[in-house]
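Trainee: one predicted model, sequence on top.
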Amino acid sequence: MFTTILLTNPGTAAPLAPEMVTALRNAWGGSDLRWLAPGEAVEFDMLETPSNRWDVWADVQRQGVDLIVVPSVGRRKKMLLADMDSTMIQQECIDELADEAGVGERVKDITARAMNGELDFDDALRERVGLLRGLDAGVIDHVLRTRISYMPGGRTLLSTMKGDDAHAVLVSGGFTAFTAQVAAHLGFDENRANTLMIEAGKLTGKVGMPILGRQAKVDALEQITKRLGIAETDVIAVGDGANDLGMLTRAGLGVALHAKPSVAAKCDVRINFGDLMALLYIQGYSKADFIA
């Protein structure tokens with residue numbers, strides 16, 4: 001048995017059209033519609049995955065609608081494993097630091113290529129951090145205060161899943177100076193990231209070793225599920241960059257959220273319009289279940 005979920009972002013798109021949803025349900029031989037949020041999210045069950053799934057997905061994308069098909073059994077997950085930059089927050093922290101250092105455009109180009117899988121992550125991180133050498137460490141707090149904004153729906157996602165006894169982990173190829181605050185603000189149980197080296201109040205241009213890249217996110221998945229005594233299929237992972245692909249394809253449910261094209265192409269669950277609350281709808285939560 002499979003469940004189809006259709007959702008949109010009510011803040012930026014028109015509400016879901018009931019006639020479109022009903023027509024798709026009828027064409028796919030689905031069950032009665034279950035509206036998870038009026039005009040925003042709806043689901044129905046089917047016996048099998050339709051052969052024209054991706055053709056229909058492309059059609060509804062043009063209408064500002066995300067379409068997801070997942071197995072009906074085991075939808076609610078016991079652990080959230082989340083990327084930080086451009087996932088739980090709307091920025092790339094290193095790009096914001098680079099702007100303060102006057103090398104913003106150069107670093108943003110490297111970041112974009114690394115996140116799209118065009119560059120080795122470790123090498124790209126070393127190069128970018130090297131360009132920050134000599135930057136006053138106080139800029140980190142300034143960036144946190146003035147440049148960082150949270151992805152909509154994050155606190156609701158964390159509160160709702162944790163209210164259902166799920167464990168939440170923030171794992172980032174970014175820096176602990178940022179993950180510590182983001183994790184505390186949103187309610188993550190733990191966080192892992194890289195360390196910016198500081199001497200005499202200045203960034204040294206080096207990052208602590210070992211570098212936490214793509215494999216570190218897979219390691220977090222393996223280690224924490226083992227510690228908690230849960231299966232990897234009990235995990236929902238979310239990210240947007242090439243260094244997230246390992247955990248996205250390994251977790252029970254991997255969600256490419258507003259992801260780079262090369263990343264989304266490798267993931268079956270793609271959210272391009274919804275916000276972080278989409279991860280709750282995918283798990284079968286209705287808006288009435290949300291903990292604000």
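Mentor: Everything's here; your move.
Trainee: now do the helices in the stretch 151-292 of the chain.
Mentor: Remark: helices assigned in the stretch 151-292 of the chain by DSSP state H, counting those that start in this stretch are 154-163, 176-186, 214-228, 245-250, 261-264, 278-282.
Trainee: among those, which is nearest residue 85?
Mentor: The minimum distance between residue 85 and the helices of the stretch 151-292 of the chain falls on helix 176-186, with 8.2 Å, by CB to CB. C-beta coordinates here come from the backbone N, C-alpha and C atoms, glycine included.
Trainee: show me what that closest one is packed against.
Mentor: helix 139-146, helix 154-163, strand 167-175, strand 190-194 (3 or more CB pairs under 8 Å, 6 or more residues apart in numbering; DSSP states H and E).
Trainee: closest to residue 272 out of the helices of the stretch 151-292 of the chain?
Mentor: Per CB to CB, nearest to residue 272 of the helices of the stretch 151-292 of the chain: helix 261-264, 7.6 Å.
Trainee: now residue 50: closest residue in space that isn't a chain neighbour?
Mentor: Spatial nearest neighbour of residue 50, excluding adjacent residues (CB to CB, 6 or more residues apart in numbering): residue 28 at 5.1 Å.
Trainee: ah, wrong one, I meant residue 224
Mentor: Using CB to CB, 6+ apart and skipping residues adjacent in sequence, the residue nearest residue 224 is residue 169, 5.8 Å away.
Trainee: pLDDT below threshold where in the stretch 51-200 of the chain?
Mentor: The model of the stretch 51-200 of the chain has no residue with pLDDT under 70.
Trainee: please repeat the previous calculation with a cut-off of 90.
Mentor: Within the stretch 51-200 of the chain, the segments meeting pLDDT under 90 span 100-101, 104, 114-117, 119-121.
Trainee: quick one: neighbours of residue 102, just the number.
Mentor: Neighbourhood size, residue 102 [other CB atoms under 10 Å]: 10.
Trainee: any idea how far residue 139 is from it?
Mentor: 11 Å (CB to CB, to the nearest Å).
Trainee: check residue 217 too.
Mentor: Distance, residue 217 to residue 139, using CB to CB: 27 Å.
Trainee: if we can go back for a sec, which ones are touching the residue nearest to residue 224?
Mentor: Residue 169 makes contact with 79-82, 188-192, 220, 224, according to CB atoms under 8 Å, 6 or more residues apart in numbering.
Trainee: need these in TSV with neighbour count and distance to residue 236, can you?
Mentor: Converted to TSV, the contacts of residue 169 look like this (neighbours: other CB atoms under 10 Å; distance: CB to CB, whole Å):
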residue	neighbour count	distance to residue 236
79	23	7
80	23	6
81	28	7
82	31	9
188	23	14
189	15	15
190	13	16
191	22	17
192	19	17
220	20	14
224	20	13
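Trainee: quick check: phi and psi on residue 80?
Mentor: Dihedral pair for residue 80: phi -110, psi 130, per degrees, to the nearest 10.
Trainee: correction: residue 36
Mentor: According to degrees, to the nearest 10, residue 36 has phi -80, psi -30.
Trainee: try residue 92
Mentor: phi -100, psi 110.
Trainee: pretty sure it sits against residue 83.
Mentor: No: between residue 92 and residue 83 there is no contact under CB atoms under 8 Å: 10.9 Å.
Trainee: if we can go back for a sec, neighbour count winner among residue 217 and residue 139?
Mentor: residue 217 (27 against 18).
Trainee: what does stretch 195-213 rub up against?
Mentor: Contacts for stretch 195-213 (CB under 8 Å, 6+ apart): 121-122, 125-126, 129-138, 140, 171-173, 175-177, 192-194, 216, 243.
Trainee: gap between the two ends of that stretch?
Mentor: 12 Å (CA to CA, to the nearest Å).
Trainee: with stretch 235-245 instead?
Mentor: Length of stretch 235-245, first residue to last, CA to CA: 14 Å.
Trainee: my guess is residue 15 meets residue 42, correct?
Mentor: No: between residue 15 and residue 42 there is no contact under CB under 8 Å: 10.5 Å.
Trainee: okay, these two: which has more neighbours?
Mentor: Each of residue 15 and residue 42 has its neighbours counted (other CB under 10 Å); residue 42 has more, 23 against 11.
Trainee: are we agreed that the more buried one is in a helix?
Mentor: No: per DSSP: H, G, I helix; E, B strand; the rest coil, residue 42 lies outside any helix segment and is strand.
Trainee: that one and residue 121, how far apart?
Mentor: In terms of CB to CB, residue 42 sits 38 Å off from residue 121.
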